[in-house]
Every structure is written in structure tokens, then in C-alpha cells.
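Visitor: Fold the following.
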Amino acid sequence: QLQLVESGGGLVQPGGSLRLSCAASGVTLDYYAMGWFRQAPGKEREGVSCISSSDGATYYADSVKGRFTISRDNAKNTVYLQIHSLKPEDTAVYYCAADHRGFCSGLSSWYMMYWGQGTQVTVSS
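Guide: Residues are numbered from 1 along each chain as shown. Alright, predicted model coming up:
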């Protein structure tokens, strides 16, 4: 059974940076597409980024393009989300998720079968 654990969240000032990690156990991530999602208080969950396993294709929400970078290290069984130029509106719980098909359906969560518990990111001065 694939288990995902996020880490790296915290309180950061606007303009700051964070690197979120999603460590997997139980199964190798080599063949999974991996996504990052976030949910702010009172808002619906939204897709932030996704990376396919087959060709490494990446997808980003318009609101994070140029500021967020998704990457994966299959040797470490870990996926990362590097975040720069944080804004207060980035405040949310960030979740990673895995799609066994190996490719992203854009930023859809429909096929994401495995989810982590989330890590809180708070952007505030």
C-alpha cells in the first residue's frame, strides 16, 4: 500500500520560499504521476501542479506558474514542490497525491488514488 507523507510547510513572510517534500513508502513512485493540491480555509481544493512518470511532463495552475516548480527524485522515492515568491493567497494546506496510471490529467484529482495528510503553508508578515 502506497503511503505519502508531506513535509516542509511552515510560516513564511510574503516573498519567501519553501520546499515541500512528499515522501513515499510501501511502493516505488517510479510509475506514478504525482500531483500537488492545496486547500485554503473556506475554499475548494485546487490542483497546483502535476508531474507525469512516463515523460516527466509538468503542469501548473496559472496562479503559480513561474513561482512553483515540481520535481521528482525516484531514487529517493520523493516528490518536491519548490515555491518562490510566496503570496498570502498561497496560504493553504498542501497535499501530494499519486495517480497509478502514470500520467497527469491536467490538474484533475479524479484519478489520484493515494493522498498524504497535508502540510500547512502560511504566508503572513
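Visitor: Please make it C-alpha for all contacts and neighbour counts, starting now.
Guide: OK.
Visitor: Contacts only, for residue 10.
Guide: 119-122 (C-alpha atoms under 8 Å, 6 or more residues apart in numbering).
Visitor: helix/strand/coil for the residue nearest to the spatial centre of the chain?
Guide: Of all residues in the chain, the one closest to the mean position by C-alpha atoms, centre = their mean is residue 36, 2.3 Å from it. Three-state assignment for residue 36 (DSSP: H, G, I helix; E, B strand; the rest coil): strand.
Visitor: Report the contact partners of the residue nearest to residue 92 when sequence neighbours are not counted.
Guide: Nearest residue to residue 92, sequence neighbours excluded (C-alpha to C-alpha, 6 or more residues apart in numbering): residue 40, at 4.1 Å. Contact analysis of residue 40 by C-alpha under 8 Å, 6+ apart lists 91-93.
Visitor: In strands, which of those fall?
Guide: Residues of those located in strands (DSSP state E): 92-93.
Visitor: how about the strands of the protein, start to end?
Guide: Going by DSSP E, the chain shows strands at 3-7, 10-12, 18-25, 33-39, 46-51, 58-60, 68-73, 78-83, 92-99, 114-115, 119-123.
Visitor: CSV for those, including distance to residue 107 and mean pLDDT?
Guide: Putting these into CSV (distance: least, C-alpha to C-alpha, whole Å; pLDDT from 0 to 100) gives the following:
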stretch, distance to residue 107, mean pLDDT
strand 3-7, 18, 97
strand 10-12, 24, 98
strand 18-25, 17, 97
strand 33-39, 7, 98
strand 46-51, 5, 98
strand 58-60, 7, 97
strand 68-73, 13, 97
strand 78-83, 14, 98
strand 92-99, 11, 98
strand 114-115, 15, 96
strand 119-123, 19, 98
